[in-house]
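>>> Mind looking at a prediction? Sequence and model below.
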Amino acid sequence: MFSNVHIYNVVAIKNDVLKQPWLPETKIEGDVTFIRLDKWDRMLAKFCTGSSLDLRKGKIKNANYLYFDQLQTARTAACDAAVVAAYAVDDAVAERPNKRQRKARLSDREIAPSVVEVLAPEVNRGGIHLPAVAMKMLFGIKNSVMWVELSPENLEHIRQGILASQDDEVPGRHWQKTRETQAAAAAANLEALQSEEAVVSDDGADAAVLADEVPVHQDDGAGN
C-alpha cells in the first residue's frame with residue numbers, strides 16, 4: 001500500500017529566546033556532527049540576539065558582527081596551516097624542499113584534512129568571560145558559511161561572542177570596518193601580485209641575457 005509517511009532524524013536547537021526550535025542544516029564527518037552557520041541565517045540571528053533578521057539600513061539585528069569575522073579569519077588561518085603541514089609531509093616523502101608556503105585554495109581539499117581545529121577568540125561581555133576555545137570546523141576558505149562542530153558549548157560561545165560584538169557596535173560601523181578590511185586586503189593582494197610580476201620580469205630578463213651568451217647547440221637527443 002502506498003504511503004506518504006516520511007521519517008527524518010533532525011537536529012533541533014532551543015534556548016530561552018527562541019519560541020520555535022531552530023532546525024539547522026547539518027553534516028556528519030566521521031563521527032562528528034557539524035552545523036551550518038551563515039551570518040544571514042534568520043534563525044541564527046534569533047538564536048543569538050532574540051530578534052528577527054533585519055537587513056534594513058541602520059539595523060544590526062543579524063549575526064554580521066566582528067566576532068563572526070574573527071571566527072572566519074581564524075578558520076582561514078587554520079586551513080592555511082593545515083595545507084602547509086600537509087604539503088610538508090608530501091614534500092618530505094618525495095625528498096624535495098618544502099616550497100608550499102602559501103595561502104590555502106579550494107583545490108587543496110584533496111590533500112588537506114577535511115576537519116581543522118580553529119581557535120575561537122575569547123569573549124568578554126559584562127560579567128561574562130569566556131576564554132579562547134578550540135572548535136572543530138570543516139575545511140573551507142573564502143566562504144562566509146562555516147561548518148562548526150555541534151555542541152552546546154560551541155553554540156553558547158558563538159552566541160555570547162556575537163552579543164558582545166553587538167554591544168560594542170553601532171548601526172553602520174561594522175559595514176565601515178568590513179569595507180576597510182576588504183580594501184586593505186585588496187591592496188595587499190595587489191602589492192603581492194606586483195612583486196611576483198617583478199620577479200618574473202627579472203627572471204625573464206636574466207634568461208634572455210643567458211640565451212645571448214650561450215651558443216646554440218643542437219643535441220641529437222642523447223643524455224636527455
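Perfect, thanks for sending it. Numbering: from 1, shown residues only.
>>> This structure: helices as residue ranges?
Counting by DSSP state H, one finds helices in the chain at the ranges 42-49, 66-93, 152-168, 173-213.
>>> how many other residues sit next to residue 24?
Residues lying near residue 24 (other C-beta atoms under 10 Å) number 20. Using the backbone N, CA and C atoms, a C-beta is placed for each residue, glycine as well.
>>> Report the contact partners of it.
With C-beta atoms under 8 Å, 6 or more residues apart in numbering as the criterion, the residues that contact residue 24 are 11, 13, 35, 36, 41, 43, 44.
>>> Taking these, please make a ChimeraX selection of just the buried ones.
Only the buried members of the contacts of residue 24 enter the following ChimeraX selection, criterion being 16 or more other C-beta atoms under 10 Å:
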select :13,35,41,43,44
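>>> Make CSV out of the contacts of residue 24 and add pLDDT and distance to residue 125.
Shown next, in CSV, are those (pLDDT from 0 to 100; distance: C-beta to C-beta, whole Å):
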residue, pLDDT, distance to residue 125
11, 96, 26
13, 97, 21
35, 98, 22
36, 97, 25
41, 90, 21
43, 93, 22
44, 93, 18
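>>> got the contacts of residue 24 as a markdown table, with distance to residue 126 columns?
Formatted as a markdown table, the entries for the contacts of residue 24 read as follows, by distance: C-beta to C-beta, whole Å:
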| residue | distance to residue 126 |
| --- | --- |
| 11 | 30 |
| 13 | 24 |
| 35 | 26 |
| 36 | 29 |
| 41 | 25 |
| 43 | 25 |
| 44 | 22 |
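>>> Strands - which of the contacts of residue 24 land there?
When the contacts of residue 24 are checked against strands using DSSP state E, the ones located there are 35, 36.
>>> Just give me the closest of the contacts of residue 24 to residue 23.
When the contacts of residue 24 are compared for distance to residue 23 (C-beta to C-beta), residue 11 wins out at 7.0 Å.
>>> Give me the spatial nearest neighbour of that closest one, chain neighbours excluded.
For residue 11, ignoring the flanking residues on the chain, the nearest one in space by C-beta to C-beta, 6 or more residues apart in numbering is residue 26 at 5.2 Å.
>>> so the one you found touches residue 36, yeah?
Yes - if you go by C-beta atoms under 8 Å, residue 26 and residue 36 touch, sitting 7.0 Å apart.
>>> Give me the phi and psi angles of residue 143.
In terms of degrees, to the nearest 10, the main-chain angles of residue 143 are phi -150, psi 130.
>>> where does it land on pLDDT?
Reading off the confidence values, residue 143 has pLDDT 77.
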